[in-house]
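[1] Have a look at this prediction, sequence included:
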Amino acid sequence: MDNDRKYFNCSQKHEIDYLAKKFVGPKEEIVQKIKELCKQKVIHYSTHEEAEKALMDAGYQKK
């Protein structure tokens, strides 16, 4: 199960919220972007680092 922790899980609200809190800007806007990236399969089955990079590529800045 340790391997599961490496991957970002789009279906887990606490993971989406945790990722959103790592970025500057309105939390709800960032959450919506994360959900959009999940739906587009951009960060589906990605590592946490890849999910963060996808948000940075989308123009968001880490805190």
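    All right, it came through fine. Numbering: from 1, shown residues only.

[2] Quick one: the helices in this structure, in order.
    Secondary structure of the chain by DSSP state H: the helices cover 2-6, 13-21, 27-39, 48-57.

[3] Compare those and give me the one nearest residue 63.
    With C-beta to C-beta, the closest approach to residue 63 among the helices of the chain belongs to helix 13-21: 8.0 Å. All C-beta spots, glycine's among them, are computed from the backbone N, C-alpha and C.

[4] Show me where this structure dips below the pLDDT cut-off.
    Using pLDDT under 70 as the threshold, the predicted model of the chain has low-confidence ranges 1-4.

[5] show me what contacts residue 26?
    The contact partners of residue 26, by C-beta atoms under 8 Å, 6 or more residues apart in numbering, come to none.

[6] ok, now how distant is it from residue 33?
    For residue 26, the distance to residue 33 equals 10 Å [C-beta to C-beta, to the nearest Å].

[7] what sits in contact with each of these two?
    None of the residues lies in contact with both residue 26 and residue 33 under the rule C-beta under 8 Å, 6+ apart.

[8] coming back round to it: the helices of the chain into CSV, with extra columns for distance to residue 63 and mean neighbour count?
    As requested, the helices of the chain are exported to CSV (distance: least, C-beta to C-beta, whole Å; neighbours: other C-beta atoms under 10 Å):
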stretch, distance to residue 63, mean neighbour count
helix 2-6, 22, 7
helix 13-21, 8, 14
helix 27-39, 11, 16
helix 48-57, 11, 16
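
[9] is it true that residue 44 touches residue 10?
    Yes - shown here, residue 44 and residue 10 form a contact pair, counting by C-beta atoms under 8 Å, at 5.7 Å.
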